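A.B. asks: okay, here's the prediction I keep looking at, along with the sequence it came from:
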Amino acid sequence: MVVFATYIPFSEINENKPSTIEEFHKAIAAFPRTRMLHICSAMNALLRSEDQPVNIAAHDSLVRNLFDDATAASLLQPREEVRYVFHRQQILFIAKTVILYCADDDQTIAPAQFKELGKVFLMAGDHLGTPPKKPEAIPDKFAYFASTLLPVQEASGFHRFDYKMARSFMMLHHSAPQLRDRRPRYWDIPALFEQTCGLPLLTFQSLLFGALTKFVKFDPKAYMDDPRSYGLDRGWFRSTNVRPELIETFLDCVSNTPELFKGSFEKADWGASDFTPFRDRPLFKDGDYYFLIDFAFLAEKFETGPFWTVHNTLKTNAEKIDLHSFWGEVFERYSNDVLKTASDKAVNAVQDSPDFEDESKGQLCDAAVVCGTSAVFIEMKGATFTSRAKYGSDYHRLMAEVDAKLVQEPDGVAKAVYQLKRAVELAFDPSAPEKVKGLDLRLVDTVYALVVTRDDIGSVFAMNGYLQVKFSAAMNDTDASVRVTPLFCMNAEDFERLCAYLGDTALADLLHAHYRACRERGDYLMTSYFATDGNKILKRLGLRQAKVSLGAWSRLAEIAVQHLGLKTEP
């Protein structure tokens, strides 16, 4: 389950006074830019942990090295609550601020200065975002919490990079080709990517996989002897069969110099936690070596690299809209394949993209699952959300964008929430229910509504609650012959993990167990599925691995090794 922690503020070591932004900028400007980037790279690597928010032993060691002895002892004093001095969001913000406010020179960091570094990092926490005054209206409260906690969840490693890599690989190489007959256009992303970059997509992804193996482990001793030990150079790919010019192209696609990063941040910066330039180029170049800014950002390039490379070449808004629509259809195809592969028909009868018998009524929903006398209607959404909405500390903007992409467009076009409302109204009209091709709903007495988002926003704290409020309001005037549950919402990762249970457990029962756990906590669907304590099914069956993701990951590794011409160990 999720660990909830408190980030220690600067005021705790500064007579209860927080720092001003001017004090923070002045303090950080005393350090050389590139050397500070190396420190941020090393700290981020040191703190990374597979099963905890941070590596505790490394964290405590950093506290002892970056504060004077008395301050370090005070900060590390045992408390009932979990508290961190250093964390990923803070380190990324420091790296961003260093790029914007520090100068590059040959200056070294004196030993005494290292004892001041801890204070600078704590000062950064004072400026990670100032949320507006908490609103009173119920929907606004949910949007406020989601807007405030979204960047925190993203930066806390709440979502796993390996799931994203496996999903992106399957969407591009398995799901997308199933849509070749799409009209008006099939977007051949691998071909368009190669046309734009001069680099075959599979070569890009294989080199990316190879780069990740360089950064997966951090050796502090080797780093202290030579920081280049945690750097990547062209020699790392010497044993592959990839031509040198393609390796050069790859490195250009995933890296920037500090000065180019500065230009990118100055061009567009929507808040302290907007790290878009780092997401776009997760390595920084220093001499002949490339150093890691963030491991998860590099892994995310499996998806963001191909999609946004193609997107950014398009000249018309109509083309961009159609590409986003296509990517949403690819996600729907992928999600349906995951759902069907995982489900036992005797427990979960899945019908993907079911249509009404009356063709003029169109599609019921993206997927329907019949579980005895219950049915789950699912909408699968591949929408992307802007950096400004996610990181701008403006919950009104986030609310407007979520409404337009997951509830209902301003012109009345139905999105997920209203699409599910329509599905219930038509399929369970008390006087004249519409029949659905290949789906017998006559025994159904309860309908569960579920929204699955490709973007991690679907599992952000309070987002489910926000969409449920919208769904409840939409259903007020609906007359249906069945009981309709509150709406459930989750991101693709939680959906993949949930599918691991569908071979022996009804999806409706899994959703009901989550609802009961939330009700017992009194949080009204505030927390995401696997972050909620008290789920009796999860407690009984335990946490399971998503087989589809494990299989895709193994296939990705195998293909990358083969494509690079590497020898596998016997």
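C.D. replies: The structure has been received and is ready for your questions. Nothing here was measured: the structure is a model prediction, and the numbers come from that model. Numbers count the residues shown, from 1 in each chain.

A.B. asks: okay, CA-based contacts and neighbour counts for the rest of this
C.D. replies: OK.

A.B. asks: sketch out the low-pLDDT regions of the stretch 51-200 of the chain for me.
C.D. replies: Per-residue confidence of the stretch 51-200 of the chain (counting by pLDDT under 70) places the weak regions at 106, 157-159.

A.B. asks: can you pull out the helices in it?
C.D. replies: Listed from the start of the chain, the stretch 51-200 of the chain has helices (DSSP state H, counting those that start in this stretch) covering 56-66, 69-75, 88-101, 111-125, 138-155, 161-170, 189-197.

A.B. asks: how does the protein divide into domains?
C.D. replies: What automatic domain parsing lists as the domains of the chain is 6-125, 159-311, 322-493.

A.B. asks: for Arg243, which of the helices of the stretch 51-200 of the chain is the nearest?
C.D. replies: helix 189-197 (14.7 Å; CA to CA).

A.B. asks: tell me the angle the very next helix or strand once past that closest one makes with helix 161-170.
C.D. replies: Next in sequence after helix 189-197, counting helices and strands by DSSP states H and E, comes helix 201-215. Our comparison of helix 201-215 with helix 161-170, counting by axes from the mean of the first three to the mean of the last three CA atoms, to 10 degrees, yields an angle of 170 degrees.

A.B. asks: ok, back up a step: return the most buried member of the domains of the chain.
C.D. replies: Comparing these by mean neighbour count (mean count of other CA atoms under 10 Å), domain 322-493 ranks first with a mean of 20.

A.B. asks: so for it, mean pLDDT?
C.D. replies: Confidence for domain 322-493, expressed as mean pLDDT, is 95.

A.B. asks: how long is that domain end to end?
C.D. replies: 25 Å (CA to CA, to the nearest Å).

A.B. asks: chain center to it: distance?
C.D. replies: Remark: domain 322-493 is offset 20 Å from the chain centroid, using CA atoms, centre = their mean, to the nearest Å.

A.B. asks: check stretch 140-148 too.
C.D. replies: Using CA atoms, centre = their mean, the offset of stretch 140-148 from its chain centre is 18 Å.

A.B. asks: settle this for me: Leu128 is touching Ala272, isn't it.
C.D. replies: Yes - in terms of CA atoms under 8 Å, Leu128 counts as a neighbour of Ala272; the distance is 5.2 Å.

A.B. asks: hey, what's in contact with both of those two?
C.D. replies: With contacts defined as CA atoms under 8 Å, 6 or more residues apart in numbering, the residues adjacent to both Leu128 and Ala272 are Phe93.

A.B. asks: so who does Pro32 touch?
C.D. replies: Applying CA under 8 Å, 6+ apart as the definition, the contact partners of Pro32 turn out to be 102-109.

A.B. asks: wait, which of those residues is closest to Val152?
C.D. replies: Of all those, Val152 sits closest to Cys102, with 25.2 Å by CA to CA.

A.B. asks: go ahead and confirm the closest one touches Ala29.
C.D. replies: Yes - in this structure, Cys102 is within contact of Ala29 by CA under 8 Å, at 4.7 Å.

A.B. asks: give me the common contacts of those two.
C.D. replies: Going by CA under 8 Å, 6+ apart, no residue sits against Cys102 while also sitting against Ala29.

A.B. asks: got the contacts of Pro32 as JSON lines, with distance to Pro244 columns?
C.D. replies: What follows is the contacts of Pro32, written out as JSON lines (distance: CA to CA, whole Å):
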{"residue": "Cys102", "distance to Pro244": "34"}
{"residue": "Ala103", "distance to Pro244": "33"}
{"residue": "Asp104", "distance to Pro244": "30"}
{"residue": "Asp105", "distance to Pro244": "31"}
{"residue": "Asp106", "distance to Pro244": "31"}
{"residue": "Gln107", "distance to Pro244": "34"}
{"residue": "Thr108", "distance to Pro244": "34"}
{"residue": "Ile109", "distance to Pro244": "36"}
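
A.B. asks: closest to Arg555 out of the helices of the stretch 51-200 of the chain?
C.D. replies: Nearest of these to Arg555, taken as CA to CA: helix 161-170 at 8.7 Å.

A.B. asks: for the closest residue to Ala375 other than its chain neighbours, helix, strand, or coil?
C.D. replies: Leaving aside its sequence neighbours, Ala375 sits nearest to Val447 (CA to CA, 6 or more residues apart in numbering; 4.9 Å). Under the three-state scheme (DSSP: H, G, I helix; E, B strand; the rest coil), the conformation of Val447 reads as strand.

A.B. asks: hang on, Val447 packs against Phe488?
C.D. replies: No - checked against CA under 8 Å, the pair Val447 and Phe488 is beyond contact range at 11.5 Å.

A.B. asks: surely Val303 is in contact with Met165?
C.D. replies: Small correction: residue 303 is Glu, not Val. Yes - in this structure Glu303 lies within contact range of Met165 using CA under 8 Å: 7.2 Å.

A.B. asks: hang on, isn't Ala508 packed against Ala368?
C.D. replies: No - between Ala508 and Ala368 no contact is recorded; they are 11.1 Å apart, counting by CA under 8 Å.

A.B. asks: need the residues touching each of those two.
C.D. replies: Common contact partners of Ala508 and Ala368 (CA under 8 Å, 6+ apart): 375-376.

A.B. asks: how near is Asn110 to Glu194?
C.D. replies: In this structure residue 110 is Ala, not Asn. Applying CA to CA, one obtains 47 Å for the distance of Ala110 from Glu194.

A.B. asks: tell me the spacing between the residue sitting nearest the centre point of the chain and Gly412.
C.D. replies: Closest to where the C-alpha atoms of the chain average out (CA atoms, centre = their mean) is Asp456, at 4.2 Å. If you measure Asp456 against Gly412 using CA to CA, the figure is 25 Å.

A.B. asks: now Arg234
C.D. replies: Arg234 sits 53 Å away from Gly412 when distances are taken as CA to CA.

A.B. asks: same question for Asn44.
C.D. replies: If you go by CA to CA, the gap between Asn44 and Gly412 works out to 45 Å.

A.B. asks: contact partners for Leu208?
C.D. replies: Remark: with contacts taken as CA under 8 Å, 6+ apart, Leu208 is in contact with 298-299, 301-302.

A.B. asks: ok, longest helix in this protein?
C.D. replies: helix 317-342 (DSSP state H).

A.B. asks: residues in contact with the residue nearest to Phe145 when sequence neighbours are not counted?
C.D. replies: Once its chain neighbours are removed from consideration, Phe145 has its nearest residue in Ala462; the separation is 6.1 Å (CA to CA, 6+ apart). Residues counted as contacts of Ala462 (CA under 8 Å, 6+ apart) are 142-143, 145-146, 525-527.

A.B. asks: in a markdown table: these, plus distance to Asp226 and neighbour count.
C.D. replies: What follows is the contacts of Ala462, written out as a markdown table (distance: CA to CA, whole Å; neighbours: other CA atoms under 10 Å):
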| residue | distance to Asp226 | neighbour count |
| --- | --- | --- |
| Phe142 | 48 | 24 |
| Ala143 | 47 | 27 |
| Phe145 | 44 | 19 |
| Ala146 | 42 | 27 |
| Leu525 | 49 | 27 |
| Met526 | 46 | 22 |
| Thr527 | 44 | 20 |
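
A.B. asks: can you tell me which of these is nearest Asp60?
C.D. replies: Thr527 (29.3 Å).

A.B. asks: I figured that closest one hits Phe461, correct?
C.D. replies: Yes - if you go by CA under 8 Å, Thr527 and Phe461 touch, sitting 5.2 Å apart.

A.B. asks: what touches both of these two?
C.D. replies: Taking CA under 8 Å, 6+ apart as the contact definition, Thr527 and Phe461 share no neighbouring residue.

A.B. asks: pick out whichever of the contacts of Pro32 sits closest to Gln52.
C.D. replies: Taking CA to CA as the measure, Gln52 sits nearest to Ile109 out of those, at 30.8 Å.

A.B. asks: is that closest one in contact with Phe31, as I believe?
C.D. replies: Yes - proximity of Ile109 to Phe31 meets the contact threshold set by CA under 8 Å, at 7.1 Å.

A.B. asks: picking that back up, and the residue nearest to Ala375, what are its bridge partners?
C.D. replies: With DSSP bridges as the criterion, Val447 is bridged to Ala375, Val484.

A.B. asks: just the strands from the chain, written as ranges.
C.D. replies: Secondary structure of the chain by DSSP state E: the strands cover 6-7, 83-84, 231-232, 255-256, 283-286, 289-292, 349-352, 367-371, 374-381, 446-453, 483-491.
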